[in-house]
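Enquirer: need a 3D model of the following:
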Amino acid sequence: MEPYRQQIEDLLIDEQLGTISEPNRQLLDSLLAAHPDAQAIREEVKAAFQDDRGQHALHLPEQPVEGVFAHGRQKKIRTRIRVISSIAAAAAVLLLVYFRFMPSGSLPTAQPTAPLAAINNKHIRLTLANGETVDLSNSGPQVQVNNVTVHNQQHTLSFSDVPPSAQWATLVVPVGKDYKVNLADGSEVWLNSATSIRFPLQFTGNTREVTINGEAYVKVAPHADKPFILHLPHSTVHVLGTEFNVNTYDSGQTRLALVKGAVNVALPRQTVSVKPGFQLVASPAAAAAQEPFDPKVILGWREGIYIYQNASLQELGRILNRWFGVDVVLDNEEVTSMRFNGVIHRDDKIEEYLSNLEYTNGPAYYIKDKVVHFK
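Expert: Just a heads-up that it's a prediction; the model follows:
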């Protein structure tokens with residue numbers, strides 16, 4: 001199976017069940033656009049749910065998670081919806097049962113106590129393979145989930161007591177936040193706001209593979225016998241041990257700034273080697289290019305600052321949206337040609353920043369319903 005297929009299937013299942021979060025919906029859209037056979041996978045999952053058994057599975061109630069792991073005799077069963085093609089048969093055989101947290105010998109009777117929808121979407125969220133979600137913005141320094149110990153300390157996520165079998169997790173960092181995760185191999189990934197990562201709690205195969213959508217600084221632990229593979233919406237990065245910043249905020253575009261080490265970036269039409277101190281910029285509309293980068297500008301977000309040079313109000317608007325959760329509207333077309341140099345601090349108040357911008361020959365503004373209007 002292709003490494004991305006399981007992820008696409010899981011996201012499509014959540015979409016059909018109506019439990020997909022907005023960051024995961026954006027990740028799904030990116031994966032569908034990036035992989036030629038992804039639409040076929042989507043049609044298979046849709047067809048599965050349109051079957052009578054699939055419709056029945058959609059309406060099965062789910063067992064509360066509380067108490068499920070309290071007794072050793074209870075075992076959780078989470079079977080996935082899987083479409084199995086039969087070469088000899090004209091019709092596909094559909095395996096559609098999708099039970100979560102079901103104790104052995106009983107039927108599910110109630111809704112989960114902590115569905116994803118109940119968690120504030122402004123909070124940092126960790127979702128494990130069994131579907132249980134932890135609100136890291138509200139949880140304590142240590143949480144026991146599905147026999148795994150989750151450590152949430154010093155703005156960093158790590159794990160202990162992880163079973164040897166492969167288990168996947170998804171971490172979502174919302175607007176205005178940043179967060180770090182320590183992977184099982186010793187690699188470190190620091191996520192910027194509006195970013196998600198899907199990763200295994202243990203690397204069990206011959207490769208170490210994770211998926212990121214948004215912006216992150218990745219410090220890969222060297223492991224010559226187990227390459228590190230980072231899947232992005234429109235490219236794949238192959239490394240052994242290195243440090244780099246990756247940015248996929250702009251639709252269809254990949255930006256990778258290599259701090260040290262070596263990486264190969266597999267694009268749809270070519271594979272490019274990036275040199276330390278250079279940033280690769282690639283998009284479907286233009287040939288891939290490398291250029292030197294200023295670490296203070298590219299990596300400043302890790303210190304809570306965004307340095308911009310010759311930026312338009314449209315560009316500033318995208319940063320204000322990710323860091324402060326506001327939309328930006330240009331009421332006056334004349335301001336579209338204005339350009340600015342400066343710094344945005346993550347802990348600034350939006351009104352304070354806009355006042356300073358206006359004071360330094362910027363446009364007048366007003367805020368209404370969390371929308372910044374430049375006039």
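Enquirer: what ranges of this structure fall below the confidence cut-off?
Expert: Counting by pLDDT under 70, the ranges of the chain that qualify are 1-7, 14, 16-19, 21-24, 26, 30, 33-34, 48-120, 166.
Enquirer: quick check: domain ranges of it?
Expert: Recorded structural domains for the chain (assignment: automatic domain parsing) are 1-113, 119-296, 304-374.
Enquirer: any chance of these in CSV, plus mean neighbour count?
Expert: For every residue, glycine as well, the C-beta is placed using N, CA and C. Listed next are the domains of the chain as CSV, based on neighbours: other CB atoms under 10 Å:
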stretch, mean neighbour count
domain 1-113, 15
domain 119-296, 18
domain 304-374, 15
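Enquirer: all helices of this structure, in order?
Expert: For the chain, applying DSSP state H gives helices covering 3-17, 22-34, 38-50, 52-58, 295-298, 313-324, 350-359.
Enquirer: CA atoms of the shortest one as PDB?
Expert: Coordinates of each C-alpha in helix 295-298 appear next as PDB, following Å, rounded to 0.1, in the frame of the first residue of the first chain:
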ATOM      1  CA  PRO A 295      17.600  32.800   8.900                       C
ATOM      2  CA  LYS A 296      16.200  35.800  10.900                       C
ATOM      3  CA  VAL A 297      13.400  36.200   8.300                       C
ATOM      4  CA  ILE A 298      12.600  32.500   7.600                       C
END
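Enquirer: my read is that Ile197 contacts Glu188, right?
Expert: No - contact status for Ile197 versus Glu188: not in contact, 11.6 Å apart, counting by CB atoms under 8 Å.
Enquirer: what residues are shared contacts of the two?
Expert: Any residue near both Ile197 and Glu188 by CB atoms under 8 Å, 6 or more residues apart in numbering counts here, and that gives Val181.
Enquirer: now do stretch 298-306: distance to the chain's middle.
Expert: The chain centroid and the centroid of stretch 298-306 are separated by 19 Å, computed with CA atoms, centre = their mean, to the nearest Å.
Enquirer: next, the distance between the ends of that stretch.
Expert: With CA to CA, to the nearest Å applied, stretch 298-306 spans 8 Å between its terminal residues.
Enquirer: what does it contact?
Expert: Residues contacting stretch 298-306 (CB under 8 Å, 6+ apart): 178, 190, 192, 215, 217, 245, 257, 259, 279, 307, 319, 323, 343-347.
Enquirer: same check on stretch 252-269?
Expert: Judged by CB under 8 Å, 6+ apart, the contacts made with stretch 252-269 from elsewhere in the structure are 33, 220, 232-248, 271-285, 288, 293, 295, 298-299.
Enquirer: so what sits opposite Tyr366 in the bridge?
Expert: His373 (DSSP bridges).
Enquirer: that one against Leu354, yeah?
Expert: No - using CB under 8 Å as the test, Tyr366 is too far from Leu354 to be in contact (9.3 Å).
Enquirer: which residues in the stretch 201-350 of the chain form strands?
Expert: For the stretch 201-350 of the chain, strands defined by DSSP state E, counting those that start in this stretch occupy the ranges 208-213, 215-219, 228-232, 235-239, 243-247, 254-260, 263-266, 271-274, 278-283, 286-292, 305-311, 327-330, 340-345.
Enquirer: make a markdown table out of those and add distance to Leu128.
Expert: As requested, the strands of the stretch 201-350 of the chain are exported to a markdown table (distance: least, CB to CB, whole Å):
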| stretch | distance to Leu128 |
| --- | --- |
| strand 208-213 | 15 |
| strand 215-219 | 20 |
| strand 228-232 | 20 |
| strand 235-239 | 25 |
| strand 243-247 | 24 |
| strand 254-260 | 28 |
| strand 263-266 | 29 |
| strand 271-274 | 33 |
| strand 278-283 | 33 |
| strand 286-292 | 36 |
| strand 305-311 | 32 |
| strand 327-330 | 33 |
| strand 340-345 | 34 |
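Enquirer: for Gln167, find the nearest of those strands.
Expert: strand 208-213 (13.5 Å; CB to CB).
Enquirer: paired strands for the closest one, with orientation please.
Expert: In the sheet, strand 208-213 lines up against strand 195-200 (antiparallel), strand 228-232 (parallel) (DSSP bridges).
Enquirer: just to check, Thr149 is in contact with Phe159?
Expert: Yes - if you go by CB under 8 Å, Thr149 and Phe159 touch, sitting 6.6 Å apart.
Enquirer: give me the common contacts of Tyr366 and Leu354.
Expert: In terms of CB under 8 Å, 6+ apart, Tyr366 and Leu354 are both contacted by the residues Val372.
Enquirer: Thr236 pairs with what?
Expert: His231, Ala266.
Enquirer: coming back round to it: and Val335, which of the strands paired with strand 208-213 is closest to it?
Expert: When the strands paired with strand 208-213 are compared for distance to Val335 using CB to CB, the nearest one is strand 195-200, at 29.3 Å.
Enquirer: export that closest one as PDB, just CAs?
Expert: These are the backbone C-alpha positions of strand 195-200, laid out as PDB (Å, rounded to 0.1, in the frame of the first residue of the first chain):
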ATOM      1  CA  THR A 195      -0.300  23.500  11.000                       C
ATOM      2  CA  SER A 196      -0.900  19.800  11.500                       C
ATOM      3  CA  ILE A 197       1.300  16.700  11.600                       C
ATOM      4  CA  ARG A 198       0.500  13.000  11.300                       C
ATOM      5  CA  PHE A 199       3.100  10.700  12.800                       C
ATOM      6  CA  PRO A 200       3.600   7.200  14.300                       C
END
